[in-house]
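Novice: With the input below, show me the fold.
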Amino acid sequence: MTSKRSTTLAALLLAAALGFAAWAGAGYLGRGTDQGATRDEVLATARQAVATFNTLDYRQADQGLDRWLASSTGTLHDELTRTRDSSRQRIEAAKTVTEGRVVDAAVTELDTARGTAEVLAAVETVVVPDGGQATTKRGRFQAELTRTETGWRLSALAQVPVTT
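Specialist: This next block holds a predicted model:
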């Protein structure tokens, strides 16, 4: 009888262990899928926001600044709001049209618990001064994003020096 109890107990323990392993594995795989989907969302948002911040038409400065504000949050958004009038004046005085395009980007950090991410982006920007020839500039940017109630938004943007 003791061996039958031992066998039954061993079978129950094995079933419990297998059940736990299946539950834990499913949870782990689910987190990986969620993390991957979040990473994709962050990357798409960063690509769009970085392109937006490198695109501006001096003839439509207010609309461009509105797009910047819509793409930003936190201290970046606050700074843009605070300096809007002076920024518009500088943009209009420069009489330049720029169009940015992200040619490559990668998420370098993602903290879903804190709702923060960092992205590196390579950007080509076509610059056309009023009455002048178009030139293409290439640069790299580090973007910080923060999750908000309405989705991921740019919270910082800095150009990364390119060394030769």
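Novice: what about the closest residue to residue 54 other than its chain neighbours, how many neighbours?
Specialist: Spatial nearest neighbour of residue 54, chain neighbours left out: residue 100 (2.4 Å); criterion: C-beta to C-beta, 6 or more residues apart in numbering. All C-beta atoms are positioned from the backbone trio N, CA, C, and that covers glycine. Neighbour count of residue 100, defined by other C-beta atoms under 10 Å: 21.
Novice: Run through the bridge partners of residue 100.
Specialist: Residue 100 has the following beta-bridge partners by DSSP bridges: residue 125.
Novice: For it, give its distance to residue 64.
Specialist: 11 Å (C-beta to C-beta, to the nearest Å).
Novice: anything in contact with each of the two?
Specialist: By C-beta atoms under 8 Å, 6 or more residues apart in numbering, residue 100 and residue 64 have these common neighbours: residue 55.
Novice: Could you find the closest non-adjacent residue to residue 72?
Specialist: residue 154 (4.9 Å).
Novice: got the buried residues for the helix or strand hosting residue 87?
Specialist: Assigned by DSSP states H and E, residue 87 falls within helix 84-94. Buried residues in helix 84-94, counting neighbours by 16 or more other C-beta atoms under 10 Å, are found at 84, 87, 91.
Novice: Which residues are in contact with the closest residue to the last one other than its chain neighbours?
Specialist: Excluding its sequence neighbours, the residue lying closest to residue 91 (C-beta to C-beta, 6+ apart) is residue 61, at 4.4 Å. With contacts defined as C-beta under 8 Å, 6+ apart, residue 61 is in contact with 87-88, 91-92.
Novice: swap the cut-off to 6 Å and go again
Specialist: Contacts here follow C-beta atoms under 6 Å, 6 or more residues apart in numbering; on that basis residue 61 touches 88, 91-92.
Novice: just residue 42 next, same as before
Specialist: 107, 117, 145, 152.
Novice: Please, which helix or strand holds it?
Specialist: Short version: residue 42 belongs to helix 2-53, going by DSSP H and E.
Novice: again, but for residue 139
Specialist: Going by DSSP H and E, residue 139 is in strand 135-148.
Novice: So in that sheet, which strands flank that strand, and in what orientation?
Specialist: Strand 135-148 is paired, per DSSP bridges, with strand 116-129 (antiparallel), strand 151-160 (antiparallel).
Novice: Nearest approach to residue 78 belongs to which of these?
Specialist: Nearest to residue 78, of all the strands paired with strand 135-148, is strand 151-160, at 10.3 Å by C-beta to C-beta.
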